[in-house]
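Chemist: Just need the structure, nothing else, for what follows:
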Amino acid sequence: MISFELGVEDLADTRFALSPLYETVLSLRVLREPGLSVLHLPWRRSVLGAADALDGLDTGLLMSVVAVRRTLPDFLTPRPASFAPSFEEELAAVARTPPGLVRRDLLAAHAPDPLPAPLLDALAPGDGPVAALRDALCAVLRRYWEAAVQPMWPRMRLLLEADMTYRARQLAMGGARLLFADMHPNLRWHDGVLHIGQMISRHRVVASGRGLLLVPSVFAHKPAPPVSPEEAPTLAYPSRGVATLWAREPVADTAALMSLLGAPKARLLGLLDEPQSTAELARRLGVTASAVSQHLGVLYATGLVSRARDGRQVLYRRSPLGDELSGRGRPG
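Modeler: Numbering: from 1, shown residues only. The predicted model follows:
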């Protein structure tokens with residue numbers, strides 16, 4: 001069992017954060033063990049089924065970070081410094097990790113087992129080989145993120161933000177006890193201490209004013225605190241609603257879209273795969289430029305189109321929200 005002892009100031013400094021890097025690293029467990037969570041099998045099939053998704057990737061090095069016990073090195077999941085850091089910001093923090101800390105975390109994550117062959121440079125004398133290993137891990141994680149997680153990140157983020165909204169309401173209504181009551185069966189709050197059960201490690205961390213950071217996760221199958229007791233209290237936990245995440249989205253109904261927007265605006269939205277001017281749209285639709293301008297104003301005000309000036313003319317294009325509503329992707 002791992003326990004976090006939280007004082008009044010720590011509870012006041014309890015906050016949430018999103019972490020694309022956490023999701024990337026935690027997803028490796030699911031990629032290695034399909035039976036770990038059947039909910040993620042559609043995602044796993046899509047990643048492994050894509051012809052070039054992992055082509056040329058050093059999967060031996062990538063998968064070696066997951067220990068036999070499923071533990072992961074702490075330095076690959078640094079504590080997010082802001083509410084929603086980008087993947088590149090988080091990866092930059094990993095790239096700054098001192099070699100001594102990289103070595104410590106790799107050994108701690110794999111103990112009592114020996115390091116797998118791709119990580120043996122962590123045992124080499126001096127900092128050079130360890131730093132080179134760290135940089136290689138950063139490079140392979142970046143490519144893996146781009147291929148396997150980034151395409152789904154906008155959808156994942158919406159689900160994670162919904163979970164945080166729910167948890168924040170629980171905290172406001174019933175304090176820490178209600179917040180942790182239905183987060184996961186392995187969590188128990190008692191007398192200012194958060195107990196995390198079913199852990200391989202056994203230690204107690206006194207927050208001492210560092211607060212508690214909660215990171216909802218799509219790929220966490222159970223609460224995941226840092227391996228090292230020296231790290232600040234941080235807890236990745238399974239998000240609500242994951243069962244619906246990989247469900248196939250319904251195809252947009254053109255008739256329903258026309259009913260919602262009106263036929264002129266729906267037709268106009270359908271033409272905006274690429275940036276176009278008001279005059280060009282009027283020509284294609286066979287209507288006046290003023291009529292097109294009026295419809296574009298409504299679509300722009302509702303976030304369904306974006307616009308940018310190009311010399312003397314303004315070009316309009318369907319926004320990501322417009323793509324979602326119309327069921328159309330962008331070419332190329």
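Chemist: Any idea how many residues pack against Leu315?
Modeler: Using other C-beta atoms under 10 Å, Leu315 is surrounded by 17 other residues. (Glycine included, C-beta is placed from N, CA and C.)
Chemist: nope, Arg45 is what I was after
Modeler: 12.
Chemist: Any chance you could list what contacts the host helix or strand of it?
Modeler: Element membership for Arg45 (DSSP states H and E) is helix 41-49. Helix 41-49 has contacts (C-beta atoms under 8 Å, 6 or more residues apart in numbering) with 27, 30-31, 34, 53-54, 147-148, 152, 246.
Chemist: And stretch 180-200, by the same measure?
Modeler: 1-7, 69, 71, 167, 170, 174, 176-177, 179, 204, 212, 222-223, 225, 233, 235, 237-238.
Chemist: again, but for stretch 73-90
Modeler: Under C-beta under 8 Å, 6+ apart, the answer for stretch 73-90 is 15-22, 24-26, 65, 93-94, 97, 101-102, 105-106, 108-109, 134, 137, 141-142, 145, 150, 157, 213, 215, 226-228, 231-232, 234, 236.
Chemist: For the chain, give me the ranges with low pLDDT.
Modeler: Low-confidence segments of the chain, defined by pLDDT under 70: 51, 248-258, 310, 328-332.
Chemist: Spell out the residue ranges of the strands in it.
Modeler: 2-5, 15-16, 187-190, 193-196, 203-206, 213-217, 234-238, 276-277, 305-310, 313-318 (DSSP state E).
Chemist: Output the last one as CSV, nothing but the C-alphas.
Modeler: Yep, that's strand 313-318 we're talking about. Extracted in CSV, the C-alpha atoms of strand 313-318 (Å, rounded to 0.1, in the frame of the first residue of the first chain):
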residue,chain,number,x,y,z
GLN,A,313,-10.3,39.3,-49.7
VAL,A,314,-11.3,37.2,-46.7
LEU,A,315,-11.1,33.4,-47.1
TYR,A,316,-13.5,31.1,-45.2
ARG,A,317,-12.9,27.4,-44.3
ARG,A,318,-14.9,24.9,-42.3
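Chemist: which parts of that strand are buried?
Modeler: Going by neighbour count (16 or more other C-beta atoms under 10 Å), the buried part of strand 313-318 is 315-318.
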